[in-house]
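**Student:** Quick one: sequence plus predicted model below, questions after.
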Amino acid sequence: MMPDNQRVIKKKTGALILCLVGFQCALATDFYISTSGSDVTGKGSKASPWRTLKFACTMVPDSHGHTIQLTSGTFVETQITVPPGVSILGAGKDQTIIKADPTFYFNPAEPGFGTDKFLLNLSSSEPTNGNQSIKNFTVDGDGKKLHGAIYVKNRSNVLIEGIKVQYTNFTGIWLWDVEDSRVTDIQLKDCAWGSADWSSGAMDLANLKRVELDHITVDEGFGEGIKSLGANGEGNGKLHYLKIHDNYISVTPNGQWKTASGESAPNIAFELWNIELLGCELYNNYIDNTISLVNDQPQFTNPKGIQTIRIYNNILDMQTRAKGSGYALEISLHDVEVDHNYILRGPWGIVNWSTHGIKMSNWAIHHNVFYGIAASNPASIIRAQKDGLHHVQFYNNTVEFTGTTTTNLIAIMEGSSDNVEVKNNLIINSNTSYNLYPNKLVHLEKVTLRNLEVSNNLLFKQPVGNVPGTYTNNLAADPKINKTGTRPAPYYLPLAGSPLIDAGLNVGLPFEGKAPDIGAYEYHFSDFTPKNE
C-alpha cells in the first residue's frame with residue numbers, strides 16, 4: 001500500500017501537470033496540419049499533425065492568439081468556421097491549396113447572397129475582436145463550383161494577407177461589418193457572378209470602418225471588380241475612413257448587367273452604390289473600367305460639407321482592355337474630390353447619370369490629365385445628364401482633345417445648374433476633324449447655368465465660346481510643353497518660357513513660384529504618380 005505522504009505528492013504532481021497544460025494552451029501556440037496528418041490519431045503538433053483545417057478549427061481554443069499552420073499540398077475541406085483569436089498560416093500562395101469537398105459545392109444560376117456557403121467563415125453574431133490573420137495560401141473554386149472563399153462578418157482587427165482566390169462562383173472575399181482591419185497582397189482571378197439584373201464583385205464590401213485594401217490584383221473575366229454589397233433596408237450600409245490604394249483592378253470590358261432598356265453597359269471595375277461614405281480614399285490604383293460612385297436615394301439628398309471620398313493619383317485606363325468603351329468616373333455623389341489622376345480615353349471622363357432629382361454638389365476636380373476622351377456621339381470631360389452641375393470647381397487640369405469626333409469640356413444636358421468654375425486649365429484641341437460640330441468649352445441643352453466663371457485658362461486652338469458667364473484672363477497661345485516622352489509626364493510638362501508658368505489664379509491649392517502655373521503641372525515638376533499610358 002502507498003504511504004499517505006506519497007499519495008499527497010502524486011496528487012499534487014498531477015494537479016501541477018494539469019495546470020501547466022492549461023497554461024500552455026492559454027499562451028499563443030502553433031498547431032499543425034499536413035496532408036499526411038490524421039484527424040483521428042493526430043495531436044496537432046509538428047510531429048503529429050492533424051489532416052484538415054476544419055477539424056483543427058474545432059480543436060484549437062479561441063481568443064488566445066493561437067496559429068494553425070498548414071504545410072504545402074492540397075487540402076479538400078467542407079465549411080471551415082474560424083474562431084476569433086485563431087490565425088491560419090499557409091506555406092505560400094502557390095504551395096498551400098484549399099479546395100471544397102464536392103458536397104459543399106454551390107453554384108446555382110441564381111445563387112443569392114449565400115453567406116452560409118463560404119469555405120472559410122470568420123463570422124460572429126455580434127461585434128467581436130478577431131485579433132487574427134489569414135495568410136499565405138490559395139483557395140481554388142474548381143471552375144466556379146465553390147460559392148465564395150472567405151467571408152468576414154462582425155470582426156475587427158483581421159489581417160488577410162498573401163492570399164490567392166480563383167474561380168469562385170459568386171465572390172472571392174466578402175467583408176461585412178468589419179472594423180480596423182487590412183486586406184493586402186491578394187490575387188483574385190475570375191471570382192464574380194453576374195446576371196442581366198445585377199452583379200457581385202470579385203471582392204464585396206459592406207459596413208466597414210477604418211479598413212485598408214491594398215496591393216490587390218483583380219483579373220475578372222465575368223462580373224465586377226470590387227463593389228459595395230450588403231443590405232440594411234435603405235442601401236448598402238456605410239464605408240467610413242476606408243483606404244483603397246496601390247491596387248490593380250482589371251475587368252472584362254462588358255459585364256453581365258444590362259440597362260432598363262436591355263442594352264449592354266460598360267463593365268464596372270469599382271462600385272460604391274448607395275452606401276454612406278465618409279473620409280474614404282481611393283489612390284495609387286490602376287483601374288481599367290468604370291468607377292461608379294452613386295448615392296441617389298432620399299437619405300443622400302443633402303450635401304453635408306464633409307468629404308465623402310477623395311480619388312487621387314490613379315491611372316484610369318479606358319483604352320488597353322476596355323478599348324474605349326468604359327467611362328472613367330460615374331459620380332452621383334456630394335462632397336467629392338478628384339485630383340492628380342491620369343484619365344485615358346473612353347467617352348466621358350466624369351459623368352452624372354442620375355435622374356432622381358438630387359442636385360449633386362461640391363465637386364473639386366483638379367490637377368488631372370484627360371487624354372483622348374472620344375465617342376461617336378458628343379463625348380465630354382464632364383457630363384451631367386439630367387440634374388445639372390452644382391458648385392463644381394474645375395481647376396488646374398490638363399485636357400487634350402484628339403481624333404475626329406466632337407468632344408466638349410463640359411456638357412449639361414438637362415436641369416438648372418449653378419456655380420461652375422473653370423480656372424487655370426490647359427485645354428489643347430488636337431482634333432483633325434469633327435463628326436458633329438467643333439468642340440465646345442461649355443455645351444448646354446435644355447438647361448440654365450447661373451454663375452459660370454472661366455478664368456486664367458490657356459486654350460490652344462479651342463474657342464472660349466459664348467455661353468453667358470464671367471470670362472477673364474484666358475489665353476490663346478502655344479502652351480510650349482515638352483511634347484515628348486510618355487503621357488502624362490514628361491509629355492505635358494511646361495518648358496522654360498512657357499506662357500503657362502505663373503499665369504494661374506490662386507485658388508487655394510499648393511503651388512510654386514509667384515503664382516500657380518496653368519495646367520496639371522508646375523514648371524518645377526516634383527511628382528505626379530501616374531507616369532505611363
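**Tutor:** Okay, I see it.
**Student:** what's around residue 464, how many residues?
**Tutor:** 17 (other CB atoms under 10 Å). Just so you know, the C-beta spots here come from the backbone N, C-alpha and C atoms, and that holds for glycine as well.
**Student:** again with residue 423
**Tutor:** Residue 423: 24 surrounding residues under other CB under 10 Å.
**Student:** and what of the one 3 residues further on?
**Tutor:** The number of residues packed near residue 426 is 27, by other CB under 10 Å.
**Student:** contacting residues for the closest residue to it other than its chain neighbours?
**Tutor:** Using CB to CB, 6 or more residues apart in numbering and skipping residues adjacent in sequence, the residue nearest residue 426 is residue 519, 3.4 Å away. Contact analysis of residue 519 by CB atoms under 8 Å, 6 or more residues apart in numbering lists 396-398, 424-426, 458, 479, 481, 492, 494, 500.
**Student:** One more: residue 95?
**Tutor:** 72-73, 136-137.
**Student:** Now tabulate the contacts of residue 519 in a markdown table and tack on secondary structure and distance to residue 291.
**Tutor:** Shown next, in a markdown table, are those (DSSP: H, G, I helix; E, B strand; the rest coil; distance: CB to CB, whole Å):
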| residue | secondary structure | distance to residue 291 |
| --- | --- | --- |
| 396 | coil | 21 |
| 397 | coil | 17 |
| 398 | strand | 20 |
| 424 | coil | 25 |
| 425 | coil | 22 |
| 426 | strand | 24 |
| 458 | strand | 28 |
| 479 | coil | 29 |
| 481 | strand | 28 |
| 492 | coil | 23 |
| 494 | strand | 29 |
| 500 | coil | 29 |
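**Student:** for those residues, which one is nearest residue 251?
**Tutor:** residue 397 (26.1 Å; CB to CB).
**Student:** separation between the closest one and residue 137?
**Tutor:** Using CB to CB, to the nearest Å, residue 397 is found at 44 Å from residue 137.
**Student:** if you count what's nearby, which of these two comes out ahead?
**Tutor:** Neighbour count, other CB under 10 Å: between residue 397 and residue 137, residue 397 has more, with 29 against 26.
**Student:** hang on, that one packs against residue 423?
**Tutor:** No. Between residue 397 and residue 423 there is no contact under CB atoms under 8 Å: 9.8 Å.
**Student:** can you give me the helices in the stretch 101-250 of the chain?
**Tutor:** According to DSSP state H, counting those that start in this stretch, the stretch 101-250 of the chain carries no segments that qualify as helices.
**Student:** repeat for the stretch 351-500 of the chain
**Tutor:** For the stretch 351-500 of the chain, applying DSSP H, counting those that start in this stretch gives no helices.
**Student:** Tell me where it has strands.
**Tutor:** In the stretch 351-500 of the chain, the strands defined using DSSP state E, counting those that start in this stretch lie at 361-366, 369-371, 379-384, 390-395, 398-401, 407-412, 417-423, 426-429, 442-444, 449-455, 458-460, 470-472.
**Student:** quick one: low-confidence parts of the chain?
**Tutor:** 1-26, 232-235, 525-533 (pLDDT under 70).
**Student:** For the residue nearest in space to the middle of it, give me its contacts.
**Tutor:** Nearest residue to the geometric centre of the chain (CA atoms, centre = their mean): residue 270, 5.0 Å. Contact analysis of residue 270 by CB under 8 Å, 6+ apart lists 225-227, 244, 249, 282, 287, 290-292.
**Student:** Make a markdown table out of those residues and add neighbour count and distance to residue 381.
**Tutor:** Formatted as a markdown table, the contacts of residue 270 follow (neighbours: other CB atoms under 10 Å; distance: CB to CB, whole Å):
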| residue | neighbour count | distance to residue 381 |
| --- | --- | --- |
| 225 | 31 | 24 |
| 226 | 32 | 25 |
| 227 | 25 | 25 |
| 244 | 26 | 24 |
| 249 | 26 | 22 |
| 282 | 25 | 19 |
| 287 | 27 | 18 |
| 290 | 28 | 16 |
| 291 | 27 | 15 |
| 292 | 23 | 18 |
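**Student:** just to revisit the earlier point, quick one: which of the strands of the stretch 351-500 of the chain is nearest residue 178?
**Tutor:** Counting by CB to CB, residue 178 lies closest to strand 361-366 out of the strands of the stretch 351-500 of the chain; the figure is 28.6 Å.
**Student:** which other helices and strands contact the closest one?
**Tutor:** In terms of contacts (3 or more CB pairs under 8 Å, 6 or more residues apart in numbering; DSSP states H and E), strand 361-366 is packed against strand 336-339, strand 390-395.
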